[in-house]
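S.K.: fold the following and give me the result.
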Amino acid sequence: MKRLHKLTLAILAAAFTCLAQAADAPKTMRGAEIPAADGAPDVKAYAGKKPGLQQPIARTYKEQPPVIPHAVDNFDEITLEENQCLSCHGPEKYKEKKAPKIGDSHFIDREGKQHAEVTHLRHNCTQCHVPQIDAPPLVENTFVGNLAAGKEAKDAKAKKK
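M.R.: Here you go, the predicted model:
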């Protein structure tokens with residue numbers, strides 16, 4: 001009998017605790033009213049428009065994949081069957097199109113074996129190479145890459161001489 005009383009008291013205590021917590025519902029940090037949903041950011045324009053009309057964008061460190069200096073929104077989606085990037089940057093066409101040649105590392109597989117065509121590991125160009133967008137930094141940034149830092153040091157040495 002004592003056991004039944006203890007169990008009943010425990011159930012009642014748990015019920016009252018739940019009711020008390022429901023009355024004091026947590027308040028959000030924004031407050032109860034949210035004036036408007038967060039809007040999507042403005043669409044940014046690419047720094048370059050037509051391929052071949054822009055100067056290559058300087059890299060900030062040695063191993064950085066080059067940034068695409070032209071718009072890519074009119075290009076077809078990259079698939080295993082078709083890659084429009086290779087029509088200008090591939091080893092057969094880059095001289096004719098006066099475009100930078102695709103890097104030699106794109107022809108090497110995981111085992112280090114050299115291939116005549118781009119390996120499937122490096123076929124999706126926009127996985128590493130991104131188009132340059134003309135957008136202000138979101139936060140204050142004083143980053144200086146190691147290539148820029150090395151150039152500044154060389155320039156400072158040259159001025160001293």
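S.K.: count of neighbours near Leu147?
M.R.: A total of 14 residues lie near Leu147 under the criterion other Cβ atoms under 10 Å. (Each C-beta comes from the backbone N, C-alpha and C, glycine too.)
S.K.: Glu92 now?
M.R.: 9.
S.K.: now it: how far from Leu86?
M.R.: For Glu92, the distance to Leu86 (Cβ to Cβ, to the nearest Å) stands at 8 Å.
S.K.: next: Asn74.
M.R.: Distance from Asn74 to Leu86, by Cβ to Cβ: 16 Å.
S.K.: those two: which has the busier surroundings?
M.R.: Leu86 (19 against 10).
S.K.: ramachandran coordinates for the more buried one?
M.R.: phi -70, psi -20 (degrees, to the nearest 10).
S.K.: and Pro131, by the same measure?
M.R.: Torsion angles, degrees, to the nearest 10, at Pro131: phi -70, psi 150.
S.K.: for this structure, what spans make up the helices?
M.R.: Ranges of helices in the chain, per DSSP state H, are 2-23, 86-89, 94-97, 146-160.
S.K.: out of those helices, point me to the one whose mean pLDDT is lowest.
M.R.: For these, the bottom mean pLDDT is recorded on helix 146-160, which sits at a mean of 63.
S.K.: please report the number of neighbouring residues for Asn124.
M.R.: For Asn124, using other Cβ under 10 Å, the count is 14.
S.K.: do I have it right that it meets Ile78?
M.R.: Yes: using Cβ atoms under 8 Å, Asn124 is in contact with Ile78, at 5.5 Å.
S.K.: what about the protein, any weak spots by pLDDT?
M.R.: Scanning the chain for pLDDT under 70 picks out 1, 19-27, 30-36, 38, 148-161.
S.K.: tell me the contacts of the residue nearest to Lys49 when sequence neighbours are not counted?
M.R.: Excluding its sequence neighbours, the residue lying closest to Lys49 (Cβ to Cβ, 6 or more residues apart in numbering) is Ala71, at 5.4 Å. The neighbourhood of Ala71, defined by Cβ atoms under 8 Å, 6 or more residues apart in numbering, consists of Tyr46, Gly48, Lys49, Lys50, Pro131.
S.K.: separation between the third one and Pro41?
M.R.: Lys49 sits at a distance of 21 Å from Pro41 (criterion: Cβ to Cβ).
S.K.: got it, and Lys2?
M.R.: In terms of Cβ to Cβ, Lys2 sits 66 Å off from Pro41.
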